[in-house]
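A.B. asks: my questions are about this predicted structure, shown below with the sequence.
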Amino acid sequence: MLRRNDVTDEKSTFFQFGAALQQEALLMLSIMEEYDWHVFSIVTSKFPGYQDFISTLKITVDHSFVRWDLQSVVTLDAVDGDPNSKSHIALKRIQSPVILLYCSKDEAVYIMEEARSLGLIGAGYIWIVSSLTTGNPDFTPEMFPLGMISISYDDWEYPLDTRVRDGVSIISTAATAMLREKGELPEAQGSCYSTPSDRSPGKLPPSALRRHMMHVWNEDRDLSFTPDGYQANPKLVVIVLNSERKWEKMGRWENGTLSLMFPVWPRYNSHGDEDADENHLSIVTLEEKPFVIVDNVDILTGTCMRNSVPCRKHVKE
């Protein structure tokens, strides 16, 4: 995170090595599109950002060429386990096989407990959650079902030391560009809380450097930021809770492209068994090398056989 001054100040500089909530929502849709999961519901708490999450999904679905079927949008005030509560009744409306969840980690524990009591956790349901819900991947609540899919920032391949190095590179590159353009740099300040009155007359404010920090490339990597301070092209990963209750990396999102490491997500039931249920279908194929069957032309018509590709008829000279 690169920061100067209070983030509420319009002239402040606030950049974060992370993804905006809207970017996570779009990645969720990309995952579903990859597997033809077009029927889904949205469940959120009232954690800050929930309205942006819902709005992004609704607008994207409404303007997409994909035939999405958004069946339910449920926003929960609280989950207390009472079968007569509004939350319990609201969750009962969900019939879709795919559920997108946005809430805090603590809230997710109660929501999952409620969902389990309603039969919404099992082999017939896919839960896709935001990075906020996953939180620290080293601690996973027991109520989180196996096979749960989550969006996460790529801390595996983009560790803290690399981000620090990139942060320094952004500042130095921006300073070089500004010096070349303006012939001067903002006056250095001893504190992030310095005020305009502390600046020497006629000197550029530190916020003047912001424009040059917005679009920086380093070693052929795009380190640009959006106007609200998030990375324009963040490195995100798709992770899944495996049978050992460990988050396993299954795919990645970079430069607007989703790459998955294998075509089918693990199938687990709500009790963690890997045995197929009665509705499970397994397809097994044998690998064969490509081959071509060559037939003579039809004797009567002198043309290729039906349902074949064009071929040549050799004529003796």
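C.D. replies: That came through, no problem. Residues are numbered from 1 along each chain as shown.
A.B. asks: select the longest helix from this protein.
C.D. replies: The longest helix of the chain (DSSP state H) is helix 160-182.
A.B. asks: alpha carbons only: can I get that one in CSV?
C.D. replies: These are the backbone C-alpha positions of helix 160-182, laid out as CSV (Å, rounded to 0.1, in the frame of the first residue of the first chain):
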residue,chain,number,x,y,z
LEU,A,160,5.3,-8.9,0.3
ASP,A,161,8.9,-8.3,-0.5
THR,A,162,8.1,-8.2,-4.2
ARG,A,163,5.2,-5.7,-3.6
VAL,A,164,7.6,-3.5,-1.5
ARG,A,165,10.1,-3.5,-4.4
ASP,A,166,7.3,-2.6,-6.9
GLY,A,167,6.1,0.2,-4.6
VAL,A,168,9.5,1.7,-4.5
SER,A,169,9.8,1.3,-8.3
ILE,A,170,6.4,3.1,-8.8
ILE,A,171,7.5,6.1,-6.7
SER,A,172,11.0,6.3,-8.4
THR,A,173,9.6,5.9,-11.9
ALA,A,174,6.9,8.6,-11.2
ALA,A,175,9.4,11.0,-9.8
THR,A,176,11.7,10.5,-12.8
ALA,A,177,8.8,11.2,-15.2
MET,A,178,7.7,14.3,-13.3
LEU,A,179,11.2,15.7,-13.1
ARG,A,180,11.5,15.3,-16.8
GLU,A,181,8.2,17.0,-17.4
LYS,A,182,8.1,19.7,-14.7
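A.B. asks: show the average pLDDT along that helix.
C.D. replies: The average pLDDT for helix 160-182 rounds to 80.
A.B. asks: and the helix or strand that comes right after it, what does it pack onto?
C.D. replies: Counting by DSSP states H and E, the element after helix 160-182 in chain order, helix or strand, is helix 210-213. Applying 3 or more CB pairs under 8 Å, 6 or more residues apart in numbering; DSSP states H and E, one finds that helix 210-213 makes contact with strand 13-15, helix 160-182. Quick note: C-beta positions are derived from backbone N, CA and C, even for glycine.
A.B. asks: next secondary structure element downstream of helix 210-213?
C.D. replies: strand 217-218.
A.B. asks: contacts for that next one?
C.D. replies: Strand 217-218 is touched from outside by D166, S169, I170, T173, L223, S224, with contacts defined as CB atoms under 8 Å, 6 or more residues apart in numbering.
A.B. asks: the second one contacts M213, doesn't it?
C.D. replies: The one in question is S169. No: checked against CB atoms under 8 Å, the pair S169 and M213 is beyond contact range at 10.6 Å.
A.B. asks: which of these two has more residues huddled nearby?
C.D. replies: Neighbours were counted for S169 and for M213 using other CB atoms under 10 Å; M213 has more, 21 against 16.
A.B. asks: quick check on the contacts of strand 217-218: which are buried?
C.D. replies: Listed as buried from the contacts of strand 217-218 are D166, S169, I170, T173, L223; burial here means 16 or more other CB atoms under 10 Å.
A.B. asks: how about the nearest residue to the fourth one, chain neighbours excluded?
C.D. replies: If I follow you right, that is T173. Of all residues not flanking T173 in the chain, V216 sits nearest, at 5.0 Å (CB to CB, 6 or more residues apart in numbering).
A.B. asks: pLDDT weak spots in the chain?
C.D. replies: 1-13, 78-85, 156, 187-207, 262-282, 305-307, 309-317 (pLDDT under 70).
A.B. asks: which stretches of it form helices?
C.D. replies: Secondary structure of the chain (DSSP H): helices at 21-34, 50-62, 86-92, 105-117, 131-134, 160-182, 210-213.
A.B. asks: great, nothing more from me.
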